[in-house]
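S.K.: build the 3D model from these lines:
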Amino acid sequence: MSEFTLNVEDRKGRPMGTFTIQGDQTLGALKQQFHRKHRKYYPSRQWFTVGAEKRALKDANAKISSLGLQAQDKIVFKDLGPQIGWDTVFYTEYAGPIIVHSLFFWLPSLFYSTPLEKHSFTQIVAYACVVGHYLKREFETKFVHHFSSETMPIFNIFKNSFHYWMLGGAFIAYFVYHPLYTAPFSDTTVMICAALFALFELGNLSAHLTLKNLRPPGTRVRGIPRGGLFELVTCANYTYELAAWLVFAIFTQTVTSWLFFIVSAGQISLWALKKHIALKKEFGAKVPKRKILVPFIW
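M.R.: All right, here's what the predicted structure looks like:
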């Protein structure tokens, strides 16, 4: 097997070392070599590109010989900054609404000057929906999700947590559990909405299981999701997610519930479009004709 001598420099052209590696070794092995020379930059902080087109070298399991490198190639290094595991990020984000809503629900005297005599049926259902949703998310993080990358920049956790802890947590909880909150609909209507919420949550779980089964553990293999709502949209998991929060906003009827739905819909639409384009780019005509997020519409 051929031997590669690779020169690494930073984005300003400053040399960061010359590394000799066998062609049958992996990109991960090169990253480990780089880490031994530069202890600050552990492998998940490293981002390598090559050539004038700045082609990214992503797959740590790929053999050096398969990366299209020449024996004396120059590789450009970028520091991605301090990293944190995706599972840690998700556990932290999803714990937020559970904690925040529970504090508002069970300890209202901490937040309201008006005493609360008894929670209404709508408030109880709203609390059950929120906690149930995020407990499901925690379960999926542990047992269902496979992550395409192991880490993300640590600073992103603060931005992401704001969405869950504040926008989906305190902003909603304060108004929904307020002692002066008046239920906008009858208990029967709320029960119907709760049943729909649960149905969409089960649909979301089913979609996540479909996506999980496309990717064998320990790989980054991608596939075309099929079956169920995936026959109508590319991102069925997102469709169910938005449907659940739409129902929540409808039966609670608070401005902050609607705000959370609108902001979530905007972000999810961007993610869905990106995933749809990436899937079509990778699989071309094999991708069935279907909408992106909303059946028959978009």
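S.K.: domain assignment for the chain?
M.R.: For the chain, the structural domains run 3-81, 84-286, going by automatic domain parsing.
S.K.: endpoint to endpoint, the last one covers what distance?
M.R.: This points to domain 84-286. Start-to-end span of domain 84-286 (C-alpha to C-alpha, to the nearest Å) is 35 Å.
S.K.: same thing with the shortest one?
M.R.: Terminal residues of domain 3-81 lie 30 Å apart, using C-alpha to C-alpha.
S.K.: what distance separates it from the centre of its chain?
M.R.: Remark: domain 3-81 is offset 27 Å from the chain centroid, using C-alpha atoms, centre = their mean, to the nearest Å.
S.K.: count the residues that sit near the nearest residue to Q83 once chain neighbours are set aside.
M.R.: Among residues not flanking Q83 along the chain, T151 sits closest, at 3.7 Å (C-beta to C-beta, 6 or more residues apart in numbering). Yep, even glycine has a C-beta here, placed from its N, CA and C like the rest. Neighbours of T151 under the rule other C-beta atoms under 10 Å: 19.
S.K.: same question for the one 3 residues further on.
M.R.: Using other C-beta under 10 Å as the criterion, I154 is surrounded by 14 other residues.
S.K.: list the contacts of it.
M.R.: G81, P82, Q83, I84 (C-beta atoms under 8 Å, 6 or more residues apart in numbering).
S.K.: make it 10 Å
M.R.: With contacts defined as C-beta atoms under 10 Å, 6 or more residues apart in numbering, I154 is in contact with G81, P82, Q83, I84, G85, T88, V89.
S.K.: restrict those residues to the buried ones and give me that as a PyMOL selection.
M.R.: The PyMOL command for the buried members of those (criterion: 16 or more other C-beta atoms under 10 Å) is given here:
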select buried, resi 83+84+89
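S.K.: so how far is stretch 263-271 off the chain centroid?
M.R.: 12 Å.
S.K.: now swap in stretch 284-298 and tell me
M.R.: Relative to its chain's centre, stretch 284-298 lies at 21 Å (C-alpha atoms, centre = their mean).
S.K.: may I ask which helix or strand of the chain has the lowest mean pLDDT?
M.R.: Using mean pLDDT, DSSP states H and E, strand 151-153 stands out as the lowest-scoring helix or strand of the chain, at a mean of 83.
S.K.: on that earlier part again, just the domains of the chain: most buried one?
M.R.: Sort the domains of the chain by mean neighbour count, taking mean count of other C-beta atoms under 10 Å, and domain 84-286 sits at the top with a mean of 17.
S.K.: how far away from the center of its chain is stretch 97-112?
M.R.: Here stretch 97-112 is found 26 Å from its chain centre; the criterion is C-alpha atoms, centre = their mean.
S.K.: now swap in stretch 233-252 and tell me
M.R.: 16 Å.
S.K.: follow-up on the earlier one: mean pLDDT lowest for which of the domains of the chain?
M.R.: Lowest mean pLDDT of the domains of the chain: domain 3-81, a mean of 89.
S.K.: which residue packs closest to S2, ignoring adjacent ones?
M.R.: S2 sits nearest to G23 (C-beta to C-beta, 6+ apart), 4.6 Å away.
S.K.: give me phi/psi at Q25?
M.R.: For Q25, the backbone dihedrals (degrees, to the nearest 10) come out as phi -80, psi 170.
S.K.: contacting residues for it?
M.R.: By C-beta under 10 Å, 6+ apart, the residues touching Q25 are M1, E3, F4, Q32, Q33, K63, I64, S65.
S.K.: ok, R39 next?
M.R.: Counting by C-beta under 10 Å, 6+ apart, R39 touches no other residue.
S.K.: out of the contacts of I154, which is nearest to L180?
M.R.: Taking C-beta to C-beta as the measure, L180 lies nearest V89 of these, at 36.1 Å.
S.K.: surely the closest one and H163 touch.
M.R.: No: applying C-beta atoms under 10 Å, one finds V89 not in contact with H163, separated by 12.0 Å.
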